[in-house]
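> No sequence on hand, only this structure:
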């Protein structure tokens, strides 16, 4: 998922500056030495920080994680040769069910469950719309697609519920389905990283995949401290402590976008309209539990798409207690639980408000809530 434009270079340079600042933060949080390893995977910079371990042991564990990231990247790529693209080609042909690996089938079933919980706002089946807007490419061309093509793909209504699983094979009843796990894969990779590190006996680590972050243990005698990227300038808008087993994820209109006539068009597509979401700059969520990485990656998307009017209800539906939204004017809304945790960098953003009750009310979320309670809230 690499990009080659000058714009990417500027964004990557800005991210590296931010990451360097984050490293200073981490170094100040305790006496335990840090081992760090970086790579470029999933179209973004990845950093693994391991605290208080023998460097050789830390290196071995970090490289095992990076090998897994590379494996997932090659299997799940949305527009280059991959297992996912082979499935997409079969769907487009309307062919008979094709073999699918057990773990990939499990990912797709899980993604389908998240799609249902989000009323379809998280919809990995709309890869054709993502491609139509030019985001299945290394270079984003500032060009608007034809209105007729947008409406054709919206009318086709591709859905994760169109997938048919049977006896280790997969088919789609809708040839318009094109799978894109870009809103799921980084979170899944975080969960895999946590499993690999714990399996190697690593108790204290921080894994950062382009701003999707998972914490294990602590950094010395304090929690890991991370920054929330400012959506319109280099550096953090706020910081917070991330505790053992927690993951934080952000969706923003600054990550993959182009501009036409002064209007920004980002890669986050509303399945209902077939258009990039307007009115939101960024959404950040915190998740915990056995699937914290996936939850932190997935949940930010439907909150972003729901927008300023609907994100609170969607957070409640998905069982997300800690979340904040930055609207198009730079105003910030946040849940009470998030307000209790963040530290603003400098003066708080304009019109910051604490929005409503963030308790989980939907019975569909009771099982997930029970798992969170077993882990424990901060």
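Right, received. Where do you want to start? Values in this document were obtained by computation on a predicted structure and should not be read as measured data.

> okay, CA-based contacts and neighbour counts for the rest of this
Noted.

> most remote residue from this protein's center?
Here the chain reaches farthest from its C-alpha mean at residue 96, the gap being 32.1 Å by C-alpha atoms, centre = their mean.

> And for that residue, nearest residue in space, chain neighbours not counted?
Once flanking residues are discounted, residue 96 sits nearest to residue 171: 6.6 Å by C-alpha to C-alpha, 6 or more residues apart in numbering.

> again, but for residue 118
The nearest residue in space to residue 118 (C-alpha to C-alpha, 6+ apart) is residue 302, at 6.4 Å.

> For residue 88, which residues are in contact?
177-179 (C-alpha atoms under 8 Å, 6 or more residues apart in numbering).

> Could you measure from it over to residue 198?
Taking C-alpha to C-alpha, to the nearest Å as the measure, residue 88 falls 34 Å from residue 198.

> Tell me the secondary structure at residue 79.
Of the three states, residue 79 takes coil according to DSSP: H, G, I helix; E, B strand; the rest coil.

> Pull the number of nearby residues for it.
Per other C-alpha atoms under 10 Å, the neighbour tally for residue 79 reads 18.

> Skip the chain neighbours and tell me the closest residue to it.
residue 136 (5.9 Å).

> List the contacts of the one you found.
Listed by C-alpha under 8 Å, 6+ apart, the contact partners of residue 136 are 78-79, 130.

> Confirm it sits in a helix?
No - counting by three-state DSSP, residue 136 falls outside a helix, being coil.

> how far away is it from residue 110?
23 Å.

> average pLDDT for the helix or strand that contains residue 61?
Here residue 61 sits within helix 55-76, counting by DSSP states H and E. Regarding helix 55-76, the rounded mean pLDDT is 97.

> and what of stretch 345-359?
69.

> follow-up on the earlier one: would you list the contacts of residue 136 in JSON lines and tack on distance to residue 244?
Below are these laid out as JSON lines (distance: C-alpha to C-alpha, whole Å):
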{"residue": "78", "distance to residue 244": "32"}
{"residue": "79", "distance to residue 244": "35"}
{"residue": "130", "distance to residue 244": "35"}
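
> thinking again about what came up before, so the residue nearest to residue 96 touches residue 97, yeah?
Yes - using C-alpha atoms under 8 Å, residue 171 makes contact with residue 97 at a distance of 4.4 Å.
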